[in-house]
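Colleague: sharing a sequence plus its predicted fold:
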Amino acid sequence: MRLRVCAGLLIASAGVTTGCRSHAPAVLFDCRVSSPSAQASAGPPRAAVSASRLTSTSQLLQLESARRYVFVVPRSRELLLSPAKEATWFDHAAIARHEPVLTAGGLTAFHDGRSVNKVVLDAQSAVYCPTTESLREAVALVAAAGVSEDRIRVERRAFSCVEAAPGAAAAAGGSARDYGDVMVEIDRRFTLAGAAIARKDADTADYYLYALLRSVRDDLQRARPPESRPNQALEGFAQTFIKDDFPPLRQAVWDEDWPRAGASFSKAAATCNACHEAANVRFLVVRSPFAARSPTNAGRAR
């Protein structure tokens, strides 16, 4: 039986009013990591992600207060919420089984263990890239679960998305950029992202991190390889960054978990420095503002 919800909700910060949804046309968002090329760029998904249908406020009270959890609303108009505390950007696709959704994003419940004080919803799903307006589906379902309408909020800001076919639009016949030039650009973006994380600026950090991903994932692939090492010999470092380092780093920034973001940034910087060593450009050092100075790093800094 399809849930009928008629809610005159003013979505805070979004300026969207929901009406009766029984006859509303379904606006669907496709999964952007269905193709092998997109999955390769985003990294491997987890084997399984558990999720349960939100039906009551008691489920929200079981969540850690003020922590973000991922959810999807499939065509069945159910809010499927994952209890995983360390969600990855693939979890939305796993919960929805790569099927189209009405919306997807994050849910943060603020409570004292007895009652829900506020629920904040966002449309942050890199693999589905839904609009903020689509969250009216989630707002109505949270209200139907028993949360008072005046305690539901929507975070409205732009979020980056996974490109459907990364690297597919390389310029034909164009001259390849020098590998070293791309590495200098990566170093600059690393520095700017690290500075944004250090001052706890999530929007700016996310902007430069996604630009950093494009440089590593796309620009390095098209660059003229260094004479000292063939491009294939350095590909492993790039894949380590793309699959192992980038997803948890970006997720930590999204969660605004700054200690975790700092640790993830230092890990990603170490991968890049190992690549620089292999390419015989060890003088190009990505310095993490969160890593303890070691004798090696001190020597490089001179």
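Modeller: Ah, there it is.
Colleague: go ahead and confirm residue 224 touches residue 183.
Modeller: No. Using C-beta atoms under 8 Å as the test, residue 224 is too far from residue 183 to be in contact (12.0 Å). Backbone N, C-alpha and C define where each C-beta goes, glycine included.
Colleague: more neighbours: the two, which one.
Modeller: residue 183 (24 against 14; other C-beta atoms under 10 Å).
Colleague: who are the contact partners of that one?
Modeller: Each residue near residue 183 by C-beta atoms under 8 Å, 6 or more residues apart in numbering is listed here: 220, 276, 279, 281, 284.
Colleague: in the stretch 101-250 of the chain, which spans are strands?
Modeller: For the stretch 101-250 of the chain, applying DSSP state E, counting those that start in this stretch gives strands covering 101-111, 116-122, 152-154.
Colleague: where does this structure dip in pLDDT?
Modeller: For the chain, the stretches flagged by pLDDT under 70 are 1-25, 34-48, 86-87, 89, 158-160, 162-177, 180, 225-233, 281, 292-302.
Colleague: reformat the strands of the stretch 101-250 of the chain as TSV; add mean neighbour count and distance to residue 49.
Modeller: Output for the strands of the stretch 101-250 of the chain, formatted as TSV (neighbours: other C-beta atoms under 10 Å; distance: least, C-beta to C-beta, whole Å):
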stretch	mean neighbour count	distance to residue 49
strand 101-111	24	13
strand 116-122	20	18
strand 152-154	22	24
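Colleague: got JSON lines for those, with distance to residue 188 too?
Modeller: As requested, those are exported to JSON lines (distance: least, C-beta to C-beta, whole Å):
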{"stretch": "strand 101-111", "distance to residue 188": "30"}
{"stretch": "strand 116-122", "distance to residue 188": "29"}
{"stretch": "strand 152-154", "distance to residue 188": "34"}
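Colleague: so which of the ones you listed comes closest to residue 252?
Modeller: Residue 252 lies closest to strand 101-111 among those, at 13.5 Å (C-beta to C-beta).
Colleague: what's the closest one packed up against?
Modeller: Judged by 3 or more C-beta pairs under 8 Å, 6 or more residues apart in numbering; DSSP states H and E, strand 101-111 is in contact with helix 57-61, strand 68-74, strand 116-122, helix 136-144.
Colleague: for residue 246, which of the ones you listed is the nearest?
Modeller: Residue 246 lies closest to strand 68-74 among the helices and strands packed on strand 101-111, at 17.6 Å (C-beta to C-beta).
Colleague: could you give the angle of the closest one to strand 116-122?
Modeller: 70 degrees (axes from the mean of the first three to the mean of the last three C-alpha atoms, to 10 degrees).
Colleague: so which residues make contact with strand 68-74?
Modeller: For strand 68-74, the surrounding residues in contact (C-beta under 8 Å, 6+ apart) are 51, 54, 63, 79-85, 87, 91-92, 95-96, 99-108, 122, 125, 128, 137-138, 141, 254-255.
Colleague: residues contacting residue 108?
Modeller: By C-beta under 8 Å, 6+ apart, residue 108 lies in contact with 66, 67, 68, 69, 119, 120, 121, 122.
Colleague: mind checking how far it is from residue 124?
Modeller: 11 Å (C-beta to C-beta, to the nearest Å).
Colleague: how far does stretch 138-154 stretch from one end to the other?
Modeller: One end of stretch 138-154 sits 10 Å from the other (C-alpha to C-alpha, to the nearest Å).
Colleague: next, count neighbours for the closest residue to residue 103 other than its chain neighbours.
Modeller: What sits nearest to residue 103 in space, not counting adjacent residues and going by C-beta to C-beta, 6 or more residues apart in numbering, is residue 134, at 3.8 Å. Close neighbours of residue 134, defined as other C-beta under 10 Å, add up to 21.
Colleague: contacts only, for residue 134.
Modeller: Going by C-beta under 8 Å, 6+ apart, residue 134 touches 27, 29, 102, 103, 123.
Colleague: next, count neighbours for residue 150.
Modeller: If you count neighbours by other C-beta under 10 Å, residue 150 ends up with 10.
Colleague: err, residue 265, not the other one
Modeller: 26.
Colleague: part of a helix, is it?
Modeller: Yes. Per DSSP: H, G, I helix; E, B strand; the rest coil, residue 265 lies within a helix segment.
Colleague: I'd say it and residue 250 touch.
Modeller: No. Assessed by C-beta under 8 Å, residue 265 is found out of contact with residue 250, at 10.4 Å.
Colleague: next, format the helices and strands packed on strand 101-111 as TSV and append distance to residue 199.
Modeller: Listed next are the helices and strands packed on strand 101-111 as TSV, based on distance: least, C-beta to C-beta, whole Å:
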stretch	distance to residue 199
helix 57-61	32
strand 68-74	21
strand 116-122	22
helix 136-144	31
